[in-house]
Each structure stands twice: as structure tokens, then as C-alpha cells.
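Participant: Pasting the sequence and the predicted coordinates here, then a few questions.
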Amino acid sequence: MGRKTPAIVAAAQQRSPQFEKMLNSANINHRTPTNDAELPKDSSLLHIAVSQRHEGRVELLLRKSIDVNIRNVRGDTALVHALRSRAVVEDPIVAALLDAPAADLDLQNNVRCLLHVDCVLS
């Protein structure tokens, strides 16, 4: 079982002025397994920022070139997670993830592909 890194803890906090500084020394693509009921299991910093609705942190992580196609234990990317929780393409977090140059819209999670998730939720 993994542990929460300081960056993971900061990502989940509402206010953390140290978050950006922590990113300079953290592996931003690391997934930290967690059994914290508040956070998605086996999550990246991006998954956590999306689940906590930290729009500024999502944008910061995207500017730092985080891997937008990283998957959690369910096979979900942060974009699938955002669509599941909001199901609105006009949402600024969903829009930022869709606009990420490296976002692979053809990826499949453990159940279906991203576009199927969007259609099911629409």
C-alpha cells in the first residue's frame, strides 16, 4: 500500500500555497495508491485536482506537462473522471483537459471508451 506524498496531500487541500513549489521537486506523473475514502484510488495529482474541483491546479498541472492520459485503478483518465462527475463539456476543468494537446480521446477505461462515457452521461 502506498503512502500519500506531500504533493498529493497539498492537491487535496482547499488552500495550499506550497503546492506549486512542491511540483518543482515532485514526480508529477506518480500515482499514489490510497485507501482514503475522499480521494479516487491509485490517483495522480491530476485525478485529485479534478476530483477536488481545483481548476487552477488542473491548469497548473497541464502547464507543467503532466501526463493527461495517466489512468487510475479503474482505467479512468482525469478527463473520464471529470466527465463522470460533471458530464458537461462546458465545465472549465473538462474544457482544459479536452484542450490538452496530448489528450487521447480514444483511450478506453476498464469498461468503455471516453466518448461512450460522455454519451452515456449526456
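Facilitator: Received, thanks.

Participant: Tell me the spacing between Ala82 and Asn27.
Facilitator: Using C-beta to C-beta, to the nearest Å, Ala82 is found at 22 Å from Asn27. C-beta: built from backbone N, CA, C; applies to glycine.

Participant: These two: which is more packed in?
Facilitator: Between Ala82 and Asn27, counting by other C-beta atoms under 10 Å, Ala82 is the more crowded of the two (27 against 10).

Participant: Tell me which helix or strand the more buried one sits in.
Facilitator: Remark: Ala82 resides in helix 78-86, with elements defined by DSSP states H and E.

Participant: ok and whichever helix or strand comes after that helix relative to helix 78-86, angle-wise?
Facilitator: Next helix or strand after helix 78-86 toward the C-terminus (DSSP H and E): helix 92-99. Per axes from the mean of the first three to the mean of the last three C-alpha atoms, to 10 degrees, the angle that helix 92-99 makes with helix 78-86 is 150 degrees.

Participant: tell me what helix 92-99 is packed against?
Facilitator: Packing partners of helix 92-99 (3 or more C-beta pairs under 8 Å, 6 or more residues apart in numbering; DSSP states H and E): helix 55-63, helix 78-86.

Participant: try it again with 10 Å
Facilitator: helix 45-51, helix 55-63, helix 78-86, helix 114-121 (3 or more C-beta pairs under 10 Å, 6 or more residues apart in numbering; DSSP states H and E).

Participant: looking at this structure, which helix or strand does the model trust least?
Facilitator: Ranked by mean pLDDT, DSSP states H and E, the weakest helix or strand in the chain is helix 114-121, scoring a mean of 50.

Participant: out of the helices and strands packed on helix 92-99, deepest packed?
Facilitator: Mean neighbours per residue, mean count of other C-beta atoms under 10 Å, is largest over the helices and strands packed on helix 92-99 for helix 45-51, with a mean of 28.

Participant: What mean pLDDT does it get?
Facilitator: Regarding helix 45-51, the rounded mean pLDDT is 87.

Participant: pull the CA atoms of it into CSV?
Facilitator: Written as CSV, here are the backbone C-alpha positions of helix 45-51 (Å, rounded to 0.1, in the frame of the first residue of the first chain):
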residue,chain,number,x,y,z
LEU,A,45,-2.2,14.6,-8.9
LEU,A,46,-4.4,15.4,-11.9
HIS,A,47,-7.1,13.0,-10.8
ILE,A,48,-7.1,14.5,-7.3
ALA,A,49,-7.2,18.1,-8.6
VAL,A,50,-10.1,17.2,-10.8
SER,A,51,-12.0,15.3,-8.0
